[in-house]
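>>> Turn this into a structure:
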Amino acid sequence: RSSGQPGNEGFSLNVRGYSSTNGGNSPLVLIDGIPGDLNLLNPDDILSIDVLKDASASIYGARAANGVFIVTTKKGKKGKPVISYSGNAAITEESGMMKSPTTYEMAIMDNEANIHNGAAPMYTPDLLQRIKNNDPNPIDHPLYGGWKLFFTNTDWIKEVLGNGFQQKHNINISGGGENSTYYLSGGYSDQEGVIKYADNANKRYNLRMNYDYDFSKWLRLETKVSLENQHRTDIGGVGSGGLITEAIFGMPNVPVYNKEGEFFAQGGWGNAVCEAKQGATSTFDTHNVNTNFKLIADVADGLKINLQAGINYSSENDNDISKSVPLYTWDGDVAYYAIANPTQSSLTLYNSQTTYRNYTGYLQYSKRFGRHDIDLMAGASHEDNNYDFFSARRDNFTSQDVWALNLGGTNNMTNAGGGNHWGIN
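Numbers count the residues shown, from 1 in each chain. A predicted model of the protein is given here:
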């Protein structure tokens, strides 16, 4: 896990350690026999996880060089319908964040740095006392023209970060008759981030149907269909990570607001509270449809045929908005802009579609002859994957109230598209 941002945690798996400095160390993940994305699978639907490595994983070929995660989802059992529900709610907070220095601590360190550099301390005893008194009246900065020297204290981390809230709900119904079993489930999760004021959240919806039917004693069909939708929001143009970085490096002796109540900045520094409150909301939507059909036939004593087909479709639709937000001097004049300059306020659209197909057929023969067991397997498989994308960007929007691509300027507009295809037999 590389991040705590809802919906963008950057989870990764590692079974056999790091075998390459260029990445590509992730194991092969099989969900009911078909490669899939573990990040979008509803944990409540998982029955078991088995891990294979080394010789035990060799049956899956070169793609199993880094190990295999075999995930099996739940099935229904014959009998009356059983309904179950689970839910939880939690409050989250940022952890491991270093403490920022206060204005007084920074003033002492500044004086020490000047002394070691052979210069006179900037903060005189009178100025240090004004810091202790939390004097709200700034003075002209003694070193930097056009700056103000402040004596109040701002904890930018506390100004920007608060508690997040998350909730998860799952409901399922399972059962079966004489020749069939079913498992139906629905899941919903809502994670709100720890950044105050801004919409930095992730909503996820999961639906699943696992249905098995016995046509006869020797012929069985297993059907699995799942839908997964994810809606993630973030601070346009800067992102949650960029805003938290802005807060970490925020100067403690710089206030959030000027004397007019406007967002203050000087010397090229940003204002994390301003970006959180006034930045636009970008959206990132992912949709997945996964199908998995398996036909099992016992054609003779000890001989079994397995035919499996899986088709996964996913799409991604992103809208990233960089909104121009003014920052002001202490006297109320516009100092400069956060996130983007007015002529550089922009909208970037990204759309992609991915279709993955997997077809597998294999024979299994198991027989016991006295004290000897024979197990034979032979089969073939085909996989292919199609990926296509399109992106477009425009800036210099005439209005920052309506974000439509055709309302942006045309001088710097860009677009791109492409794709790739691969197949394995």
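
>>> average pLDDT for the longest helix that the chain contains?
For the chain, the helix with the greatest residue count under DSSP state H is helix 103-116. In this model, helix 103-116 carries a mean pLDDT of 94.

>>> residues making contact with it?
101, 120-123, 127-128, 131-132, 150-154, 251-253 (CB atoms under 8 Å, 6 or more residues apart in numbering). The way it works is simple: take the backbone N, C-alpha and C, and place the C-beta from them, glycine included.

>>> For PyMOL, write the selection for the buried entries among those residues.
To isolate the buried members of the contacts of helix 103-116 in PyMOL, using 16 or more other CB atoms under 10 Å:
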select buried, resi 101+121+123+127+128+131+150+151+152+153+154+251+252+253
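
>>> ok now do Glu159, which residues does it touch?
Glu159 touches Lys196, Ala247, Val256, Ala272, Val273, counting by CB under 8 Å, 6+ apart.

>>> residue contacts, the residue located most distally from the centre of the chain?
Distance from the C-alpha centroid of the chain peaks at Gly370, with 56.0 Å (CA atoms, centre = their mean). Listed by CB under 8 Å, 6+ apart, the contact set of Gly370 is empty.

>>> Just read off the phi/psi values of it.
With angles defined as degrees, to the nearest 10, Gly370 sits at phi 60, psi -120.

>>> quick one on the thing from earlier: columns neighbour count, secondary structure and pLDDT on top of the contacts of Glu159, output as CSV?
As requested, the contacts of Glu159 are exported to CSV (neighbours: other CB atoms under 10 Å; DSSP: H, G, I helix; E, B strand; the rest coil; pLDDT from 0 to 100):
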residue, neighbour count, secondary structure, pLDDT
Lys196, 17, coil, 91
Ala247, 24, helix, 93
Val256, 18, coil, 97
Ala272, 29, helix, 95
Val273, 23, helix, 96
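
>>> between these, which is closest to Thr291?
Nearest to Thr291 among the contacts of Glu159, counting by CB to CB, is Lys196 at 42.0 Å.

>>> How about that closest one, nearest residue that isn't a chain neighbour?
Leaving aside its sequence neighbours, Lys196 sits nearest to Gly162 (CB to CB, 6 or more residues apart in numbering; 4.6 Å).

>>> For that neighbour, give me its contacts.
By CB under 8 Å, 6+ apart, the contact list for Gly162 reads Glu93, Val194, Ile195, Lys196.

>>> Please tell me which one of those residues counts the most neighbours.
Ile195 (24 neighbours; other CB atoms under 10 Å).

>>> okay, that one: pLDDT?
For Ile195, the model assigns a pLDDT of 93.

>>> just the one 10 residues further on next, same as before
Among the per-residue scores, Tyr205 holds a pLDDT of 96.

>>> from memory it sits against Gly187, does it?
Yes. Assessed by CB atoms under 8 Å, Tyr205 is found in contact with Gly187 at 7.2 Å.

>>> These two: which is more packed in?
Gly187 (21 against 16).

>>> My read is that the more buried one contacts Leu41, right?
No. Assessed by CB under 8 Å, Gly187 is found out of contact with Leu41, at 9.8 Å.

>>> Give me the distance between Trp403 and Ser180.
According to CB to CB, to the nearest Å, Trp403 and Ser180 sit 50 Å apart.

>>> ok, the two, which is more surrounded?
Higher neighbour count among Trp403 and Ser180: Trp403, with 20 against 15, using other CB under 10 Å.

>>> Which residues lie in contact with the more buried one in this structure?
The contact partners of Trp403, by CB under 8 Å, 6+ apart, come to Ala280, Asn319, Ile321, Leu347, Phe397.
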